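Engineer: sequence plus the predicted model coming up.
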Amino acid sequence: MSKDADDEERDVTAELDLFYAPPHGGWTVDDLPAVARTTDRRFELLDGSIIVMSPQTVFHARVKRRLRDVLATQAPGGMDVELEMAVQITRKSAPEPDVLIYRDDYDDEEALISFEDVVLAVEIVSNESEERDRFTKAFRYAVAKIPYYWRIERYKDDDKRLRAEIHAYELDTSAGKYVPAAPPERERLVVDLGFPVEVDVKALYP
């Protein structure tokens, strides 16, 4: 049955209430199942706020899919590589990395990955997520002591074609922050994540 204009207006109003009128004290991970039933949009929980994600670009979708496939062939037994799984850091923060490697000891129906099991979190920067990916989420991952964090930026090559550049970081546990694990890489990234990893960056896009 198709929705009439009043139904659609009520749906939009409900979403506006959801995203702009959080409960006193903010949203928590306990609220996520109810939030998911209220909207079809992709979202994540950061600092008690529901952050709605913009529709992804072709660049974003292709890079994360290809990177997942590359990492999946190199992750050792007991590790899994997934896209967009919520990682519970605190009761009020459960960001969704674009790609993550984690220790796979979860039931099929589980929707939250513990930060303690995450080895690598990857964020692909888009126009609307620049501040979150470069600063907010990187800080949260570091506080949670996730050992490795990659940020993927876009750039245009000499032929004006869009390309990917990986910024790979590892956690400096004494300082509690990420430091470069390698220079920003546009060709071939070779790093150690507790196991050797090699990524042909040029093959990620186009």
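Structural biologist: Perfect, thanks for sending it.

Engineer: helices of the chain, residue ranges please.
Structural biologist: Along the chain, counting by DSSP state H, helices occupy 5-20, 32-38, 58-72, 130-131, 137-143.

Engineer: worst mean pLDDT among the ones you listed?
Structural biologist: The minimum mean pLDDT among these belongs to helix 5-20 (a mean of 54).

Engineer: residue ranges with poor pLDDT in the chain?
Structural biologist: Filtered on pLDDT under 70, the chain yields the residue ranges 1-20.

Engineer: state which strand of it is the longest.
Structural biologist: strand 162-172 (DSSP state E).

Engineer: and the contacts of that strand?
Structural biologist: Residues from elsewhere that reach strand 162-172 (C-beta atoms under 8 Å, 6 or more residues apart in numbering): 59, 63, 138, 142, 145-157, 177-182, 184-186, 189, 191, 199, 201-202, 204-206. (Each C-beta comes from the backbone N, C-alpha and C, glycine too.)

Engineer: now, of these, which are buried?
Structural biologist: 59, 63, 138, 142, 146-154, 178, 181, 185, 189, 191, 199, 201, 204-205 (16 or more other C-beta atoms under 10 Å).

Engineer: just those residues: which are in strands?
Structural biologist: 148-154, 178, 189, 191, 199.

Engineer: quick check: closest non-adjacent residue to the residue nearest in space to the middle of the chain.
Structural biologist: The centre of the chain sits closest to P97, judged by C-alpha atoms, centre = their mean, with a distance of 1.5 Å. Excluding the flanking residues, the one nearest P97 by C-beta to C-beta, 6 or more residues apart in numbering is A121, at 4.0 Å.
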